[in-house]
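Trainee: sequence and computational prediction follow.
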Amino acid sequence: MDLPLPILTLSAAAVAGAAVVLPKLNARLALSRAKHRSLTGHSKMSKMVARLLPFYEFDNDDFFRSDGAPPEIAKQRRDAFFRLARLYGERYAKGRHMTAEASSRISDLQFTETYRVPFQYRRTVREHLSTSAFAQSSSGVTVTDIDGNVFYDLTGSYGVNIFGNDFYKDCIAGAEKRAHALGPVLGPYHPVITDNVRRLCEISGLDEVSFHMSGTEAVMQAVRLARYHTRRSHLVRFAGAYHGWWGDVQPGVGNPVSPHETYTLADMSERTLHILKTRRDIACVLVNPLQALHPNANAPADSALVDSSRKGKFDRAAYGEWLRRLREVCTERDIVLIFDEVFVGFRLAVGGAQEYFGVRADMVTYGKSLAGGLPVGVVCGRKNLMRRFRDDRPADICFARGTFNSHPYVMMAMDEFLSRLASPDVYTIYDGLDEIWNERAKRLNDLLSARDLPVRVSNLSSIWMVHYTEPSRYNWMLQYYLRAEGLALSWVGTGRLIFSLNYSEADFAEVADRFVTAAENLKRDGWWWHNPSLTNKSVRRQILKEMIMRRRPR
C-alpha cells in the first residue's frame, strides 16, 4: 500500500534528522567516556561539588577522635599535639611571628597557610602548629630559617633546585658580574642569547625558541601558536595534570570561568586515543611528564589527605609506550604534541623528558631551573609552528611580547646554567641516576616496613611522594613531625619531596633516619591508631555524613 505523501515526507525528514543527530550523539558519548571517571576528569561536576561542599570545623574533642578513637587514644593524641605545639613555639618563634604579620597583607601566603591540612582541622592547626615561611640562608643540601634552625631541604624550590643550592648561587653570582656592564637595559639582546638559543635547539631537537617570563606564560604561548597554525580550537589536557594557573588548563575548581575549548581526558587510555583519531577540532595535546608518577591524579597535597587512598607508582616502560602511541596519533592527525617540561626538564636527563622516554614532541616548554635560579619561561618548537604571522595575510598575527622577556641577567644566568650542564662533572651526575634514587626509595621503604610503620614512598627518579598503607584520617600530621625532625617541606607537605641531585649517601642516610623517627613518633603518639572496621570507604562515608549534618543540623 502506498503511504500518503505527508507521511513519506515526515519519514524522510526523521531519517535525515537521525543521520545528522546520531553521529553527534555518538561523538559526544565517546568524548564523555574518554574522560577519567573521577571529579579530576569532569571539570563541571568538580566545580558543582566544590560549591556544595559545606565548611565545618571540629571542636577540641572531635578534632582528636574524628575516626572514632577511644577516649584514651584521644587523650594521647591531645597531649602529643600540644607537646608538639610547645616545641614549635619555642623553636620557630621569630619565623612564626613574621609569618603571621606578613600573611595579613600577602594573599599568596594566606592561601598556602590555609591549605596545609584538611579544612575540618585547619583552625586548630593554624592556631597551634603554624609554620615559618621565612629562611635566611642555604648551603649544600640544607636551608637555615630565621630562627637559626637548619633543615635538610626536601622542597627542591618547587623543581628549580636540581643540582643544589650552591650550584645556583654560583650561577646567579656569575651572571650578575657578566651582565653588569649592560645592566637591566631592555629591548636590545645581550650577545649571550645566541649561544643560549643554539644550545636549547640542540637539547630540544627543535628549530626555534621564544623566551617568556614564567613557565605558565611559556605554556600559554605554545598553545596559542598551536591553535593559530592548525586553525583548530581545542586543547587536550590529561586529568590531574598541572600546566600553570591560566584558565584554559584549569577548567575545574580554581577557575571562575569555565573554558569551553578544553578537553580533559584520561591519561593512558584507549578511549582517549580514539577521540584524538576521530575529532577534527583538536589543535594540541599537553603532556606533563610528571604525571607518570600518578596518572590521572591531581598534584598531591596533605590538605587533601582525608583518607589513605593516595597512591603513586612509576612505570617507565608503560608510560614511555603510552607517549609513543600518543606521538603516532598526533602525527597521523596533525595535532601538535606539546611536552610541558617546566617542572621536570633537565632533572631526568640532559635532554629532558624527550630523551628520557625516547619520544620527540612538536613543542617543548621549559622554565624554573633553566635560568640558573632566576625566573624564566621558554618555548622550543618546529619552525612551522613558531612563526607569529602569515606572509599572505599581513594583519593576521599571533601577538606575544613581554617587557622582561630575554632580560640580560636572566639570559646570562641561563648561559651559566647551560655551560655547567654541558660540563663533564655535571654530565656524569646522570650516569645511573634512576638506579641511585630507586635504590634510595627502596632503602627507606625497607626501613619503614621493618618497623611496621604504615607509610611508604614512591618516586620518579629524585621526585618523591608519600603514601599510606592503612586507613587513617590523620596522615597529614606526619608533615609536622617531619618538620620537627629538621626536614624542610613545601606547603603541600608530604605530597611531594624533591631532592637535589647533590645529596650524598651520608646526607640521604640522615634524611632517612629522621623520616623514620618522625613516623615512629607519630605512631607512638596514637595518630595511627587503627580500628579493623575502619576502611577508606568508611572514612569517606563518615565525612559525607558530617557534611549532610552540617547542611541539615539536628
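Mentor: Perfect, thanks for sending it.
Trainee: can you list the buried residues in stretch 463-483?
Mentor: Residues 463-468, 471-483 are the ones in stretch 463-483 that count as buried (16 or more other CB atoms under 10 Å). C-beta: built from backbone N, CA, C; applies to glycine.
Trainee: repeat for stretch 159-172
Mentor: Across stretch 159-172, burial judged by 16+ other CB under 10 Å covers 159-165, 167-168, 170-172.
Trainee: swap in stretch 152-160?
Mentor: By 16+ other CB under 10 Å, the buried positions in stretch 152-160 come out as 152-157, 159-160.
Trainee: that older thread, between the buried residues of stretch 159-172, which is nearest T262?
Mentor: For the buried residues of stretch 159-172, the closest approach to T262 (CB to CB) belongs to G159, at 23.8 Å.
Trainee: centroid residue for this protein?
Mentor: Against the mean C-alpha coordinate of the chain, by CA atoms, centre = their mean, the closest residue is A299 at 4.5 Å.
Trainee: just confirm that residue is within a strand.
Mentor: No: counting by DSSP: H, G, I helix; E, B strand; the rest coil, A299 is not part of a strand but coil.
Trainee: look up phi and psi at it.
Mentor: A299 adopts backbone torsions of phi -60, psi 120, taken as degrees, to the nearest 10.
Trainee: what is the burial count for the closest residue to it other than its chain neighbours?
Mentor: In this structure, A299 finds its nearest non-sequential neighbour in Y242, 5.3 Å apart by CB to CB, 6 or more residues apart in numbering. Number of residues near Y242 (other CB atoms under 10 Å) recorded here: 17.
Trainee: quick check: Y242 vs Y158, distance?
Mentor: Going from Y242 to Y158 by CB to CB, to the nearest Å gives 11 Å.
Trainee: after the helix or strand of the chain with the lowest mean pLDDT, which helix or strand is next?
Mentor: Among the helical and strand segments of the chain, the one scoring lowest on mean pLDDT, DSSP states H and E is helix 5-34, with a mean of 70. Using DSSP states H and E, the next helix or strand after helix 5-34 towards the C-terminus is helix 43-52.
Trainee: quick one: distance of that following helix to the chain centre.
Mentor: The chain centroid and the centroid of helix 43-52 are separated by 21 Å under CA atoms, centre = their mean, to the nearest Å.
Trainee: if you count neighbours, what's buried in that helix?
Mentor: Quick answer for helix 43-52 (16+ other CB under 10 Å): 43, 46-47.
Trainee: please apply the same query to stretch 65-77.
Mentor: Buried residues in stretch 65-77, counted by 16+ other CB under 10 Å: 65-67, 69, 73-74, 76-77.
Trainee: so where does the nearest residue to L31 once chain neighbours are set aside fall, helix or strand?
Mentor: Excluding the flanking residues, the one nearest L31 by CB to CB, 6+ apart is I275, at 5.9 Å. Using DSSP H and E, I275 sits within helix 270-278.
Trainee: roughly how far out does that helix sit from the chain middle?
Mentor: Relative to the chain's own centre, helix 270-278 is displaced by 25 Å; criterion: CA atoms, centre = their mean.
Trainee: tell me what it is packed against?
Mentor: Counting contacts by 3 or more CB pairs under 8 Å, 6 or more residues apart in numbering; DSSP states H and E, helix 270-278 is packed against helix 5-34, strand 234-238, strand 262-265, strand 282-287, helix 316-333.
Trainee: isn't the residue nearest to the centre of the chain up against H243?
Mentor: No: A299 is beyond contact range of H243, at 11.1 Å (criterion: CB atoms under 8 Å).
Trainee: quick one, strands of the stretch 301-450 of the chain?
Mentor: Using DSSP state E, counting those that start in this stretch, the strands of the stretch 301-450 of the chain run over 336-340, 363-367, 377-381, 389-390, 393-397.
Trainee: nearest to R199 among the buried residues of helix 43-52?
Mentor: R199 lies nearest to S43 out of the buried residues of helix 43-52, by CB to CB, at 38.3 Å.
Trainee: spit out the contact partners of the closest one.
Mentor: Neighbour list for S43: 251-252, 258, 262, 264 [criterion: CB atoms under 8 Å, 6 or more residues apart in numbering].
Trainee: can you name the two of the residues you listed that sit furthest apart?
Mentor: Farthest pair in the contacts of S43 (CB to CB) is S258 and T264. Separation: 11.6 Å.
Trainee: so which of those two has more stuff around it?
Mentor: T264 (25 against 12).
Trainee: now that one, which residues is it bridged with?
Mentor: Here T264 sits in beta bridges with R237, as judged by DSSP bridges.
Trainee: who are the contact partners of it?
Mentor: 35-36, 40-43, 236-239, 251-252.
Trainee: of all these, which comes closest to S538?
Mentor: The nearest member of those to S538, counting by CB to CB, is T40 at 22.5 Å.
Trainee: per-residue confidence at that closest one?
Mentor: With respect to pLDDT, T40 scores 76.
Trainee: could we number from 3 for the rest of this?
Mentor: That works, and once the first residue is 3, the last one we named lands at T42.
Trainee: ok, the residue nearest to it when sequence neighbours are not counted to Q122 distance?
Mentor: Spatially, and ignoring its direct neighbours in sequence, T42 is nearest to A241 (4.4 Å; CB to CB, 6+ apart). As judged by CB to CB, A241 and Q122 stand 26 Å apart.
Trainee: higher neighbour count, these two?
Mentor: Comparing A241 with Q122 by neighbour count (other CB under 10 Å), the higher total belongs to A241, at 25 against 20.
Trainee: pLDDT wise, what is that one at?
Mentor: pLDDT recorded at A241 is 93.
Trainee: what do you get for R335?
Mentor: So, for R335, pLDDT stands at 97.
Trainee: likewise the one 10 residues further on?
Mentor: In the prediction, the pLDDT value recorded for F345 is 94.
Trainee: number of nearby residues for it?
Mentor: Neighbourhood size, F345 [other CB under 10 Å]: 25.
Trainee: do the one 10 residues further on as well
Mentor: The number of residues packed near A355 is 28, by other CB under 10 Å.
Trainee: let me see the confidence value for the closest residue to it other than its chain neighbours.
Mentor: Nearest non-adjacent residue to A355, counting by CB to CB, 6+ apart: P291, 3.9 Å away. Looking at P291, its pLDDT stands at 97.
Trainee: make JSON lines from the contacts of S45 and add distance to L350 to it.
Mentor: Formatted as JSON lines, the contacts of S45 follow (distance: CB to CB, whole Å):
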{"residue": "P253", "distance to L350": "28"}
{"residue": "G254", "distance to L350": "28"}
{"residue": "S260", "distance to L350": "34"}
{"residue": "T264", "distance to L350": "27"}
{"residue": "T266", "distance to L350": "25"}
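Trainee: which of the residues you listed lies closest to W493?
Mentor: G254 (20.5 Å).
Trainee: same list, the helices and strands packed on helix 272-280, but as JSON lines with distance to L536 please.
Mentor: Putting the helices and strands packed on helix 272-280 into JSON lines (distance: least, CB to CB, whole Å) gives the following:
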{"stretch": "helix 7-36", "distance to L536": "34"}
{"stretch": "strand 236-240", "distance to L536": "33"}
{"stretch": "strand 264-267", "distance to L536": "33"}
{"stretch": "strand 284-289", "distance to L536": "38"}
{"stretch": "helix 318-335", "distance to L536": "32"}
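Trainee: closest to Q356 out of the ones you listed?
Mentor: In terms of CB to CB, the element of the helices and strands packed on helix 272-280 nearest to Q356 is helix 318-335, at 9.3 Å.
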